[in-house]
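Chemist: One predicted model, sequence on top.
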Amino acid sequence: MSEKRLNVQPSGKERKFKPEELIVSKTDLKGRITYANDLFLRLSDFTEKEVLGQPHSMIRHPDMPRCIFKLLWDEISAGNEIFAYVLNMGKKGDHYWVYAHVTPTFDANHQVIGYHSNRRVADPKILREKILPLYAELRKIEEGTNNRKDGMNAASSALAQKLADAGVAYDKFIQSL
């Protein structure tokens with residue numbers, strides 16, 4: 001199934017969900033899905049059988065800056081929570097924006113054993129005025145190198161510099177939107 005997923009192109013069609021609805025998923029330490037609620041399945045058009053054990057990146061939209069996922073993984077791997085605006089893509093290429101809250105899941109000994117994500121409807125005004133321009137800038141940097149990893153690192157550095165220039169940490173920036 002993963003190979004088929006790589007061939008899916010964005011359809012340009014946006015999927016919507018209600019502000020009171022919550023997308024929930026859980027993964028293991030490597031980001032493989034261990035749980036997906038009904039809303040996750042409905043928006044992505046995947047069945048539970050299709051998603052369980054698959055990498056959460058199966059719903060990554062190609063327009064999403066890779067540096068944002070690097071930041072996300074750096075934070076949760078360090079045992080921290082993170083909030084982020086994320087563009088996801090379903091099985092048929094339809095997309096949906098979310099405001100994600102991703103946290104590590106700890107065992108009784110405070111060891112990270114997986115990750116938990118709750119996603120809400122993203123505010124269209126924040127997307128339009130703040131996130132879309134920022135993500136376009138980051139994607140342009142990522143695409144401006146010969147190597148994907150170098151592009152991701154360059155965009156990560158640019159984001160860090162932008163935040164430093166504003167005198168704000170990423171989490172405070174996101175919460176201020």
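Modeler: Nice, I can see it.

Chemist: Pull the residues that contact the helix or strand hosting K125.
Modeler: If you go by DSSP states H and E, K125 is part of helix 124-126. Residues outside helix 124-126 that contact it (Cβ atoms under 8 Å, 6 or more residues apart in numbering): Y85, L177. (Each C-beta comes from the backbone N, C-alpha and C, glycine too.)

Chemist: need the next SSE after that helix, C-terminal direction.
Modeler: helix 132-143.

Chemist: quick one: buried residues of that following helix?
Modeler: L134, Y135, L138, R139, I141, E142 (16 or more other Cβ atoms under 10 Å).

Chemist: repeat for stretch 25-35
Modeler: Buried residues in stretch 25-35, defined by neighbour count with 16+ other Cβ under 10 Å: S25, K26, T27, G31, R32, I33, T34.

Chemist: Got the phi and psi for the residue most central in space within the chain?
Modeler: Nearest to the geometric centre of the chain sits V86, at 4.2 Å (Cα atoms, centre = their mean). When read as degrees, to the nearest 10, the backbone of V86 gives phi -130, psi 140.

Chemist: Show the contacting residues for the residue nearest to I59 when sequence neighbours are not counted.
Modeler: Closest residue to I59 apart from its sequence neighbours, by Cβ to Cβ, 6 or more residues apart in numbering: N88 at 4.5 Å. N88 sits next to L43, S44, I59, R60, H61, M64, H95, Y96, W97, V98 when contact means Cβ under 8 Å, 6+ apart.
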